[in-house]
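J.: what follows is a predicted protein model with its sequence.
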Amino acid sequence: MLLRTRRTLSLPSVLLAATLVATLSPQVASATSFTHAAVVKDNPVDYTPNLLDGAGVTNAATYAILQSGQTMFIGGAFRTVTNSTRTTTYSRYNVMSFAVGTGAVQPLAPNFNGEVWGFAATGTSLYVAGSFTTVNGVVRRGIAKINSITGVLDTAFNANLPSGKVGEVKLVNNRLIIGGTFPKKLAALNPATGADTNYINVPITGNLASNAGALGLYRFSINPAGTRLVAIGNFTTVGGKVRYRAFMLNLNATNATLNNWDYVPLRRMCLSTAMPEYLRDVDFAPNGQYFVIVATGTVPAKAAEIGTSICDAAARFETEVPAPAKPTWINYTGGDTLHSVAISGTAVYVQGHQRWLDNPKGYNTAGPGAVSRQGIGAIHPTTGKALPWNPTKEGGIGGKDLYLSSAGLYVGSDTRYIHDEWRDGIAFMPL
């Protein structure tokens, strides 16, 4: 298929399901997980809206996706949105919504003055996380609560974060858990007031390197039962214990505690010293038995580290194995970044600006056994090998969110083409 390149890469070049089983725990409001009976189609629907560059934004992108009821919420970095046919243009400040099944752009138009990286929802309340500092002109740093229909700010909710940003938010067991670069790095807030409940009091410290950026969390995932949290980011110590780049918490009834899970090879650097904080996303399987981490970083620093170092790769870990010597499996791209992951049970979907999967011996080349999977692909959850699914997608910088619904897979990105069709920033691959 013909591929068009939208962005310049910063790394080396870059059965319709018979049954859908929602495994959402009744106590978990936004750690949603779905088991699909088949891999999604490789052809996107025609009705999703588009995110366009313009109005001061030169790399319009989706960073956050959430379905609540019959509405899809999209967050990221954008100012201009169009309908699917690009005949009507809307002004939206980093948050927009559209109708499930039709793609009709909805009136929701709050003004967030910075990027949006996460959502959680309950009823008509929408929690929004990101790098913004004001919402509708009112000071709210990193996390805010708005009406999901009108966009009006809930002024009763105020976390009063003094600095930093929020990169992830989940509503679990009536606790709003946020992670980011704000002073505490990880906290559980009261959903009504934004006050810290002190349910999470686990110090997160230690900068990986002088060029690693702000200390803190980048992303986290919570298992469907709401009992485990796995986080990735820039840190070396958690709760007084050595934990490089990733850690697991037990989400107990009254407090969160550090789990014994520790993957020692994460203390290594990948070949690229420019990216010490190389982990990029994590997701739990629908049954909670395992999770998958994806990464950048170029290839492992030494050939002997292939199979243990998570560098430009996706890696599966078992939730109940506290000190694994290596991942259950690891799938390398051969030097290209993976930015996002979502697990349906049938497939582990990964997205970035990769050109290949199954490429442990390649470095900016297709090594022995490599298969072409431009921009997006799917991995067998048991074997760790690439599935035949191959829509092909522009690489760009690399899409930073994949979202599973009961009906399929939403692909959030910074590129225009998938399956050789124009789907700028948003695509939906149905079952």
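T.: Sure, I can see it. None of these values were measured; they are calculated from a predicted model.

J.: would you state the strands of the stretch 301-431 of the chain in chain order?
T.: 313-318, 329-332, 338-343, 348-352, 356-357, 371-372, 376-379, 401-405, 408-412, 417-418, 421-422, 426-430 (DSSP state E, counting those that start in this stretch).

J.: nearest to residue 66, out of those?
T.: Minimum separation from residue 66 across the strands of the stretch 301-431 of the chain (CB to CB) falls at strand 401-405, 7.0 Å. Just so you know, the C-beta spots here come from the backbone N, C-alpha and C atoms, and that holds for glycine as well.

J.: in stretch 417-425, what's buried?
T.: Buried residues in stretch 417-425, counting neighbours by 16 or more other CB atoms under 10 Å, are found at 417-419, 423-425.

J.: average model confidence for it?
T.: What stretch 417-425 shows for mean pLDDT is 97.

J.: what about that stretch, start to end distance?
T.: Stretch 417-425 has its terminal residues 9 Å apart, counting by CA to CA, to the nearest Å.

J.: lowest-scoring secondary structure element of the protein by mean pLDDT?
T.: strand 20-22 (a mean of 34; mean pLDDT, DSSP states H and E).

J.: ok so, going back, pick the most deeply packed of the strands of the stretch 301-431 of the chain.
T.: Compared across the strands of the stretch 301-431 of the chain, strand 348-352 shows the largest average neighbour count, a mean of 29 (mean count of other CB atoms under 10 Å).

J.: what's the neighbour count on the closest residue in space to residue 380 that isn't next to it in sequence?
T.: Take residue 380 and drop its neighbours on the chain: the residue closest to it by CB to CB, 6 or more residues apart in numbering is residue 387, 5.5 Å away. Residue 387 is flanked by 19 other residues according to other CB atoms under 10 Å.

J.: was I right to think residue 336 contacts residue 350?
T.: No - Residue 336 is beyond contact range of residue 350, at 10.9 Å (criterion: CB atoms under 8 Å).

J.: quick one: contacts for residue 106?
T.: By CB atoms under 8 Å, 6 or more residues apart in numbering, the contact list for residue 106 reads 71, 96-99.

J.: now those residues as a markdown table including pLDDT, distance to residue 138 and secondary structure?
T.: Shown next, in a markdown table, are the contacts of residue 106 (pLDDT from 0 to 100; distance: CB to CB, whole Å; DSSP: H, G, I helix; E, B strand; the rest coil):
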| residue | pLDDT | distance to residue 138 | secondary structure |
| --- | --- | --- | --- |
| 71 | 98 | 23 | strand |
| 96 | 98 | 20 | strand |
| 97 | 98 | 20 | strand |
| 98 | 98 | 25 | strand |
| 99 | 98 | 28 | strand |
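
J.: can you give me the distance of residue 60 to residue 100?
T.: Going from residue 60 to residue 100 by CB to CB, to the nearest Å gives 22 Å.

J.: between the two, which has more neighbouring residues?
T.: For residue 60 and residue 100, the more surrounded residue by other CB under 10 Å is residue 60, and the numbers stand at 24 against 15.

J.: quick one, what contacts that one?
T.: Taking CB under 8 Å, 6+ apart as the criterion, residue 60 is in contact with 51-54, 76-80, 414, 424-425.

J.: buried ones among the residues you listed?
T.: Among the contacts of residue 60, those classed as buried by 16+ other CB under 10 Å are 51-53, 76-80, 414, 424-425.

J.: right, and the helix or strand after the helix or strand containing residue 220?
T.: Element membership for residue 220 (DSSP states H and E) is strand 216-222. Going down the chain from strand 216-222, the next helix or strand is strand 228-234, by DSSP H and E.

J.: quick one: the helix or strand just after that following strand to chain centroid distance?
T.: Toward the C-terminus, strand 228-234 is succeeded by strand 237-238 as the next helix or strand (DSSP H and E). Relative to its parent chain, strand 237-238 has a centroid offset of 22 Å by CA atoms, centre = their mean, to the nearest Å.

J.: what sits up against the helix or strand that strand 237-238 is followed by?
T.: Next in sequence after strand 237-238, counting helices and strands by DSSP H and E, comes strand 241-242. With contact meaning CB under 8 Å, 6+ apart, strand 241-242 is reached by 236, 258, 262, 267.

J.: please list the members of those residues that lie in strands.
T.: Among those, the members found in strands (DSSP state E) are residue 258.

J.: next, give me the two most distant ones among the contacts of strand 241-242.
T.: 258 and 267 (16.7 Å).

J.: of the two, who's got more company?
T.: Counting neighbours by other CB under 10 Å for residue 258 and for residue 267 shows that residue 258 has the greater number, 17 against 13.

J.: quick revisit: which of the buried residues of stretch 417-425 lies closest to residue 312?
T.: Using CB to CB, residue 418 comes nearest to residue 312 of the buried residues of stretch 417-425, at 21.1 Å.

J.: coming back round to it: lowest-confidence one in the contacts of residue 60?
T.: Lowest pLDDT among those: residue 54, 93.

J.: so how far is residue 282 from the residue nearest to residue 380?
T.: As judged by CB to CB, residue 387 and residue 282 stand 20 Å apart.

J.: same check, this time on residue 384
T.: From residue 384 to residue 282 the distance is 16 Å (CB to CB).

J.: more crowded one of those two?
T.: Counted by other CB under 10 Å, residue 384 and residue 282 do not tie: residue 282 has more neighbours, with 24 against 19.

J.: that one bridge partners, please.
T.: Note on residue 282: beta-bridge partners by DSSP bridges are residue 293.

J.: where exactly do the strands run in the stretch 101-250 of the chain?
T.: For the stretch 101-250 of the chain, the strands defined by DSSP E, counting those that start in this stretch cover 116-122, 125-130, 134-135, 138-139, 143-147, 166-172, 175-180, 186-189, 204-205, 216-222, 228-234, 237-238, 241-242, 246-251.

J.: go through the ones you listed and name the closest to residue 40.
T.: Between residue 40 and the strands of the stretch 101-250 of the chain, the shortest gap by CB to CB is with strand 216-222, which sits at 20.0 Å.

J.: state the mean pLDDT of the closest one.
T.: Mean pLDDT, computed over strand 216-222, is 98.
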